[in-house]
Structure formats: C-alpha cells, structure tokens
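Participant: generate a structure from the sequence data that follows.
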Amino acid sequence: MINMESSNWNERLSQLERKWVNGTITGPEAIEYDSWYNQGQEEIVVIPYSFAVSEEEHRSRIFQKINKGIERRSCFRIGRVAAAAVLLIIFGGTIFYWSSQMRQDEMPIAGSEGQKTAILPGSTKASLRLADGQIVLLDSAANRLIAKQGSVNIRMSHGGLAYEKQGHGGSTTYNTLITHNGEQYSLVLSDGTKVWLNSASSLYFPVAFDGRERRVEVSGEAYFEVAKDPGKPFYVASNGQEIEVLGTHFNVKAYPNGGAVETTLLQGKVRVNGKFALSPGQQAQLKNGTVSVKDKVNVNAVIAWKDGRFNFDNADVSEVMRQLERWYDIQVVLPAGRTSDHFSGTIPRSASLDQVLRILQNNRVHFDLQGRRLVLLP
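Facilitator: Numbering: from 1, shown residues only. Presented below is the predicted three-dimensional model:
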C-alpha cells in the first residue's frame, strides 16, 4: 500500500498532478497516478501556488475553463484521475473528476442480484405521425423520401427530417414528430426553421406555412433556430405558454412532470405570453400560472443536450435523475429529502448508464439498480 505520509511520494504526486494539468503526462505516469486512487486513498493532492493560491481561486479557474470548453482540468480532491477526464462534479462542496476511460477490470454497476446487461445511451430515433394517421419510424441511417403531402416532400436526410416545399396551394395538414425515452431527433420545417427534439417530447406542426403566421406546439423539450420572416411571425405553444418569435434561437422546456416551463433565449428576441420580452441570456419560467424572468442564465448548460452532452449547473439530484430517466429509458425512484444534493459538470450523452452511475457511487450516492429500475437510497 502506498505510504501517503512519505514526503517523497507527496512530492511525486504533486509532480504528476502538474503534468496532468498541463497535458504532458505520459501513459506510464498516468497509470502510476491512477494507482494512487485505486488504493482507496482520499488524501488531498497539493496544488502549487503557481497554479492557484486558494480553493476559491482554483474553483474559479475550473469554471472558467469549463465555460471555454477546455477539457484539461485539475482539482484539490481527486475521485478518479486520468488524462481523459470529462466530468467534474461538485458534491457536498467537494470537487471530483471522472474519467471516460474505464479500466477493463471494472465490473458493471449491479443491484443486489447483479446487472447483467449494460444500459446503453439513447440514440437518433423518432416516430412521425402523418396527417392520415400513418406512423413512420425514423432513425439516423436511411436517406429516402418518406411521403409527399400537398406541395411538400418529406425526406429523411443526414440523420434528420426535412420538409421541402415545392409549390403553393392545398389545404393545411399537420404532422407530429414524437420521441420516446432514449430518443432524440431533428428536422427542418418547410420555412427553413430548424428544430431539435429532446427525449420524451413531441412537436405538432403544419406541413406548410401558407397563412399569415407560423404556429407549432411543443410538449417536452425542443431547441429552435427560427427562419426570419418579419411578415409572418412564428408562435410556439407549450403547456400553457405561448412564445412569439420573429427570428431567433431559443430553447423550450415544457415537460408535463418537469416543474416550471422554461424558455431560454440565446439569440434575437421573443415575447412570452404576450408581455414578457426576453433578451439573450434570459429565461422565462412559468410556474403555477405565474411568469418570472431570470437573468444571466447558463445557456450552454440549457442547450447541452442538443450538442450531445449533459451539463449540470448546480442542478439538484431530482433534475439530474429526470434527465437520466429520459435519456436511458429507466425508472428512477427518489427518496424524500434528497433534493439538497447538487451537481455541476459535464458528461457526454454517449456514456453508458453504467459509467454515469459509477460517478454517483464514487461520490457517496447509494442506489439499487434492478433491470431498468433505479432506486436511490436514503
């Protein structure tokens, strides 16, 4: 067992830490450094004053790097050390790291009877309900013409759906794009508006926008890049809320069981329920019939799902679990009183549930996983 009281070993740990932070650590050195963690140690690794003179300064530098998308990171207390660290978690006031490179001898997370099959992340899939009620299953593989409705061709292309308008005329018909748990999809509407649909969501929309305005309905979560057309305003209805748009980028989160309905503006300008005008970086929250506006929202965290990441910004454990539940198609049971636990950090949505749960396990979160049912323990 490594003697952590040894001044030589402490000096060696600090040397390896500096190399890891600077991205100069070699393969053998990374293994040597990782072996310290595997001994079950939880001692503090000293950070040189040349890097940070206090934990507050160090914490600030970490968040600055996260905001800039820099993946080289460091910490005062290490939960998992490796060159490919991709997740930083703050749990109980302590900063931890997780590596995406699991050791070959690490067994899958198991419940009392063992978890025999790894639960994989979601994928690019959806279902399209056409105007006549026909259901078309969509995935990311096929490139083909699905249907022709009026003057619009509906085509699968490049892992998404595109509505290509060929002319004018015809009655207005509606389609619905539906994603279940473990699915997400994107499409381009007939006016050129781009929409990304998160898991457990739906978008109800006209095949063509032939009137004086453009209207769609969202349940769940969607990100919009609305094509500009000042003479034809764009409206999004979602769970008791209406958003008026002229041309902008914004995210709508309106899950039936997801708490407040949130509209987050990234670019342009929107008006919520006819009177709440948002500027970029603001978020309108509708809860119990009342709208409030939050300033200086972490928009990168809000839209991370669209870019293939979880990004938790001081999220309570219930929000973290809701996101995992939708993406991994599992059932989560939360005990009362666990919402005081908060998490911050990022992780690829391509990670398996096994890898994500290991983070929780390493940071004193206890649970029981049986099949696709995850019970967090008090």
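Participant: use CA for all of it now, contacts and neighbours both
Facilitator: Noted.
Participant: below-threshold pLDDT in this structure: ranges please.
Facilitator: 1-10, 17-23, 25, 27-117, 169-171, 258, 337-340, 363 (pLDDT under 70).
Participant: per-domain residue ranges of it.
Facilitator: By the assignment in automatic domain parsing, the chain contains the domains 7-99, 123-301, 308-376.
Participant: turn these into JSON lines, columns for mean neighbour count.
Facilitator: Formatted as JSON lines, those follow (neighbours: other C-alpha atoms under 10 Å):
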{"stretch": "domain 7-99", "mean neighbour count": "16"}
{"stretch": "domain 123-301", "mean neighbour count": "18"}
{"stretch": "domain 308-376", "mean neighbour count": "17"}
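Participant: how about residue 293, what does it touch?
Facilitator: Residues in contact with residue 293, defined by C-alpha atoms under 8 Å, 6 or more residues apart in numbering, are 276, 278, 282, 283, 284, 285.
Participant: hang on, isn't the third one packed against residue 292?
Facilitator: Going back to what we said before, that points to residue 282. No: Residue 282 lies out of contact with residue 292 (C-alpha atoms under 8 Å); the separation is 10.4 Å.
Participant: who is residue 216 paired with across the strands?
Facilitator: In this entry, residue 216 is beta-bridged to residue 236, by DSSP bridges.
Participant: can you start the count at 494 instead of 1 from here on
Facilitator: Sure thing, new numbering starts at 494, so read that last one as residue 709.
Participant: and the helices in the stretch 744-871 of the chain?
Facilitator: All helices of the stretch 744-871 of the chain, identified by DSSP state H, counting those that start in this stretch, fall at 792-795, 810-821, 846-855.
Participant: ok, which of those comes nearest residue 715?
Facilitator: Checking these against residue 715 by C-alpha to C-alpha gives helix 792-795 as the closest, at 10.8 Å.
Participant: which of the contacts of residue 786 fall in strands?
Facilitator: Using DSSP state E, the members of these that fall in strands are 769, 771, 776, 777, 778.
Participant: now, which of these sits nearest residue 839?
Facilitator: Nearest to residue 839, judged by C-alpha to C-alpha, of the ones in strands among the contacts of residue 786 is residue 776 at 20.8 Å.
Participant: quick check: closest non-adjacent residue to that closest one.
Facilitator: residue 757 (4.3 Å; C-alpha to C-alpha, 6 or more residues apart in numbering).
Participant: touching, that neighbour and residue 736? I think so.
Facilitator: No: if you go by C-alpha under 8 Å, residue 757 and residue 736 don't touch, sitting 10.9 Å apart.
Participant: what residues does stretch 657-667 touch?
Facilitator: Outside stretch 657-667, the residues that touch it by C-alpha under 8 Å, 6+ apart are 623-624, 643-648, 682-683, 697-703.
Participant: thinking again about what came up before, any idea how far the residue nearest to residue 776 lies from residue 792?
Facilitator: For residue 757, the distance to residue 792 equals 7 Å [C-alpha to C-alpha, to the nearest Å].
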